[in-house]
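Q: here is the input, now give the coordinates:
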Amino acid sequence: MSQLHPSDTSILLGDAGTVICNCERITELEIRTAIVVGKAASVEEVSLKTRAGTACRACHCRINRILEGKPAKCGGPCSRCDDCGCIAALCACQNG
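A: Numbers count the residues shown, from 1 in each chain. Next up, the predicted model:
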């Protein structure tokens, strides 16, 4: 098992209930764990370790934001609607 440096553990504070990849039902915590423990350094590496981003790819921007140390949600068209959970660009709540 790999050893975590104390400064690495903060990235593991991702929410286990927040789904980042809806197609594969991969959570923020699973992605952050792949980055820290699995040493994934790109969307492709995260995808190999978790399956996130392997289907429709709408979550690639959220995975990139996590890799950059930012919150997954940016408020852009690939964010999820707070009301219905759909991707904002496809959401009936925001577009209808």
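Q: okay, now the unreliable bits of the protein?
A: 1-15, 77-80, 82, 85, 87-88, 91-96 (pLDDT under 70).
Q: how does it look with 80?
A: 1-16, 73-96 (pLDDT under 80).
Q: quick one, helices of it?
A: 28-36, 43-50, 60-67, 92-95 (DSSP state H).
Q: quick one, the first one and helix 43-50 angle?
A: In this case it means helix 28-36. 110 degrees (axes from the mean of the first three to the mean of the last three CA atoms, to 10 degrees).
Q: alpha carbons of helix 28-36, as CSV, please.
A: Output in CSV follows, covering the C-alpha atoms of helix 28-36 (Å, rounded to 0.1, in the frame of the first residue of the first chain):
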residue,chain,number,x,y,z
GLU,A,28,-15.7,12.5,-6.2
LEU,A,29,-14.1,10.5,-3.4
GLU,A,30,-13.2,7.6,-5.8
ILE,A,31,-11.7,10.1,-8.3
ARG,A,32,-9.7,11.9,-5.6
THR,A,33,-8.5,8.5,-4.2
ALA,A,34,-7.3,7.5,-7.7
ILE,A,35,-5.4,10.8,-7.9
VAL,A,36,-3.7,10.5,-4.5
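Q: the helices of the chain: which one's closest to Cys74?
A: helix 60-67 (6.1 Å; CB to CB). For glycine as for every other residue, the C-beta is placed from the backbone atoms N, C-alpha and C.
Q: thank you kindly, that will do.
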